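3D model of this:
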Amino acid sequence: MYIRKTTSKRNGKIYVNYLLVESVATPKGPRQRTICSLGDLGPRPREEWLKLARKMEAALSGQTTLFEEDIDPADMAAIEKVRSSRESRNERKTSSGMEGADKDIVAVVIDNVETENHREAGPVHAGLQMYKRLEIDEILKSLGFSDDTCKLTAAMVMNRLISPSSEHAMPGWFERTALSDLLSFDFSMVNDDKLYRNMDRLHPLRGAIETRLSEKERTIFNLEDTILLYDLTSTYFEGLMLGNPQAKRGYSRDKRGDCKQVVIGLVLDREGFPKAHEIFDGNRQDRTTVGEMLDILKLRVGLKEGSTVVVDRGMAYDENIREIQGRNLHYLVAGRQTERNQWLGEFEEKDGWQEIFREVSPTNPFQEKSRVFVRAAETEDETYVLCLSEGRREKDRAIREKQESRLVEDLKKLQKRAEKKNIKNPSSIHESIGRLKERYPRVARYYAIEYDAAQSHFSWTVKMEARARAEELDGGYILKTDREDLNAEELWNTYIMLTRVESAFRDMKSPLCERPIFHKIKRRAQTHIFLCVLAYHILVSIEHTLRQQGDHRSWETLREILKSHQIATIVLPTADGDEFRIRKAGKAEPQHKDIYRKLCIPEIPMKPIRTWHSAERVPNSD
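Presented below is the predicted three-dimensional model:
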């Protein structure tokens with residue numbers, strides 16, 4: 001320790017002050033720390049400063065009893081002042097819980113104040129709060145998960161919800177977000193092996209988790225389960241996938257026929273909440289999955305008699321309808337093209353149509369505002385709804401004209417081949433004609449194709465009357481049901497709910513990045529999809545809660561807004577050389593507060609954590 005003289009000038013007058021200073025070692029090298037101000041020390045020669053500093057150092061170390069009687073009264077007063085200052089500072093640092101720390105006055109070197117360890121908190125905070133509201137942690141713990149594996153699962157679901165990445169890249173993302181702060185979990189030791197092992201723990205419990213989660217959502221959001229919306233999609237793999245027997249080539253909704261895939265079946269309720277999902281082989285036909293999916297629903301969430309199953313035309317076969325009715329359920333399906341043609345006369349009538357306006361859904365950018373005309377028609381056993389959609393008319397016309405142009409191109413190629421004089425097998429031409437009719441069924445039905453093998457003559461003509469009927473039916477489709485208590489408009493509005501499943505698939509494939517799948521093992525590929533489904537539970541819960549408040553923004557929009565709400569550490573260097581650190585969230589901006597208020601979650605993601613960092617002691621924190 002030593003004494004340093006300082007001077008300052010105020011209002012033309014010079015003031016002298018003496019400071020007791022000590023040298024301390026810090027990570028940035030030796031620094032001088034002020035122990036206490038000694039005032040002006042009275043008229044004391046400079047050569048006595050060192051002697052006084054040593055007396056003070058000895059006094060502070062507890063040696064004052066050896067020479068206290070020899071100390072000058074003025075020096076003794078200075079020593080007591082220093083001792084009192086040191087004790088007060090230590091009490092402030094070691095006070096239990098740091099209660100009242102915000103009331104403490106700490107001298108801070110303003111020019112050296114810094115912030116560090118900034119982490120994105122807003123999206124994680126919103127996701128974890130909804131995860132907590134759905135009590136997913138409690139569900140996992142009831143199934144035998146430890147506290148750490150629950151937190152790891154929560155982090156993996158948040159990754160799918162906010163910034164989907166591979167298991168290899170997940171640990172890095174964990175470190176770049178406020179997950180560690182909000183979950184009180186150290187992710188520095190997490191690697192992809194731990195994540196794979198956690199996926200293996202989840203795999204056998206997927207059904208149980210889905211069952212309990214569906215029960216929680218029904219209670220929390222007061223959901224009905226009288227409408228069951230069922231549809232399928234496909235998702236593809238990168239690689240050969242030799243270790244996954246479900247990965248097969250089939251009809252690809254992603255336009256990736258070059259890749260192996262699996263088919264995903266998903267059942268939602270009328271509000272868009274998932275009831276159950278299942279993964280089928282990649283070459284599975286839609287129509288063959290209905291019975292199995294109903295078995296899964298009955299096992300996981302139960303089937304309430306009298307509920308209505310809504311499916312698209314790919315599952316509108318007689319055997320599917322019998323399967324649904326055999327379980328004491330109603331059906332509402334879209335009829336196939338052949339069934340629509342049976343009602344051509346009804347479609348051509350000008351009277352009896354009811355007009356419905358379909359508004360644009362704020363959460364579905366693919367939907368257009370359009371008018372739909374509906375009329376009911378009944379048979380002995382079923383009710384049919386004939387629908388003419390203006391929005392769909394242009395789409396149907398474009399598809400039909402595109403198929404027709406391709407058919408004509410292929411007919412021209414076949415004509416050149418058929419009119420060659422040296423054809424050895426004329427029957428192959430007839431086979432090619434059959435394949436063209438299978439490839440273009442929508443338009444080939446109004447083309448008359450003829451081939452005279454003897455004359456090597458090939459020709460085709462357009463059935464103009466049949467084509468005119470096809471043009472009239474652009475935008476037309478039918479619905480059929482065994483329900484007798486709903487009118488045409490109510491049936492159409494119920495069927496159109498099926499677009500919520502399509503929207504769910506878009507969410508899973510786009511913001512949740514379910515595809516492509518790189519996992520080579522069947523159970524991990526299935527768990528990857530399951531994590532996407534769990535993330536979708538959070539997503540639909542958030543969007544549903546906002547809709548109840550009249551806010552129709554999508555999760556994709558919300559997470560971009562919330563990214564600017566962060567957590568950081570404020571570093572406050574004190575005048576005596578210590579550092580006071582506060583780990584806390586930034587103040588929520590108005591747009592953040594608006595989202596948090598509507599979701600009924602706190603604006604402050606975490607309680608501040610205060611720590612003292614001193615060269616002479618181990619940091620203590622609250």
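
Quick one: end-to-end distance for stretch 413-429.
For stretch 413-429, the first-to-last residue distance is 11 Å (C-alpha to C-alpha, to the nearest Å).

Quick one: distance of the helix or strand hosting Arg201 to the chain centre.
Using DSSP states H and E, the element containing Arg201 is helix 192-202. Per C-alpha atoms, centre = their mean, to the nearest Å, the displacement of helix 192-202 from the mean C-alpha position of its chain is 20 Å.

quick one: contacts of it?
Residues outside helix 192-202 that contact it (C-beta atoms under 8 Å, 6 or more residues apart in numbering) are 145, 149, 152-153, 156, 166-168, 170-171, 209, 523-524, 527-528, 530-531. Bear in mind the C-beta positions are built from the backbone N, C-alpha and C, glycine included.

same thing but at 7 Å, please
The contact list for helix 192-202 (C-beta atoms under 7 Å, 6 or more residues apart in numbering) reads Thr149, Leu152, Thr153, Met156, Glu167, His168, Met170, Arg523, Arg524, Thr527, Phe530.

got the CA coordinates for that helix in CSV?
Extracted as CSV, the C-alpha positions of helix 192-202 are listed here (Å, rounded to 0.1, in the frame of the first residue of the first chain):
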residue,chain,number,x,y,z
ASP,A,192,-24.5,-34.7,-31.2
ASP,A,193,-24.0,-38.1,-29.5
LYS,A,194,-26.0,-36.9,-26.5
LEU,A,195,-28.7,-35.5,-28.8
TYR,A,196,-28.9,-38.9,-30.7
ARG,A,197,-29.2,-40.8,-27.4
ASN,A,198,-32.0,-38.4,-26.3
MET,A,199,-33.8,-39.1,-29.6
ASP,A,200,-33.5,-42.8,-28.8
ARG,A,201,-35.1,-42.2,-25.4
LEU,A,202,-38.0,-40.3,-27.1
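
And the average pLDDT for it is what?
In this model, helix 192-202 carries a mean pLDDT of 95.

Tell me which helix or strand comes right after that helix.
Elements were assigned by DSSP H and E; along the chain past helix 192-202, the next helix or strand is helix 206-220.

Can you spell out which helices and strands pack onto that next one?
Using 3 or more C-beta pairs under 7 Å, 6 or more residues apart in numbering; DSSP states H and E as the contact definition, the elements that helix 206-220 packs against are helix 136-142, helix 290-300.

got the angle for the last one vs helix 206-220?
Between the direction of helix 290-300 and that of helix 206-220, the angle (axes from the mean of the first three to the mean of the last three C-alpha atoms, to 10 degrees) works out to 70 degrees.

Give me the distance between the longest helix seen in the chain and the centre of its chain.
Determined from DSSP state H, the single longest helix within the chain is helix 390-418. Its chain's average C-alpha position is 40 Å from that of helix 390-418, according to C-alpha atoms, centre = their mean.

Give me the residue at the spatial middle of this structure.
The central residue of the chain, meaning the one whose C-alpha is nearest the mean C-alpha position (C-alpha atoms, centre = their mean), is Leu161 at 2.0 Å.

Quick check: pLDDT value at it.
In this prediction, Leu161 carries a pLDDT score of 94.

which strands and helices sit next to the helix or strand harbouring His592?
Using DSSP H and E, His592 sits in helix 590-599. Contacting helix 590-599 under the criterion 3+ C-beta pairs under 7 Å, 6+ apart are the following elements: helix 122-133, helix 522-548, helix 555-562.

for the longest helix of the chain, packing partners?
Using 3+ C-beta pairs under 7 Å, 6+ apart as the contact criterion, the neighbours of helix 390-418 among helices and strands are strand 370-378, helix 427-439, helix 441-444, strand 457-462.

Other residues contacting the longest one?
Same thing as helix 427-439. Against helix 427-439 from outside (C-beta under 7 Å, 6+ apart): Leu407, Asp410, Leu414, Ala418, Ala444, Ile449, Tyr451.

so what's the fifth one closest to, chain neighbours aside?
By the measure of C-beta to C-beta, 6 or more residues apart in numbering, the closest residue to Ala444 outside its immediate chain neighbours is Lys437, 4.3 Å from it.

before we move on, what about the first one?
The spatially closest residue to Leu407, leaving aside those adjacent along the chain, is Tyr440, at 4.5 Å (C-beta to C-beta, 6+ apart).

isn't the one you found right up against Ser405?
No. The pair Tyr440 and Ser405 does not pass the contact test of C-beta atoms under 7 Å, sitting 10.2 Å apart.

Of the two, which one has the most company?
Tyr440 (20 against 11; other C-beta atoms under 10 Å).
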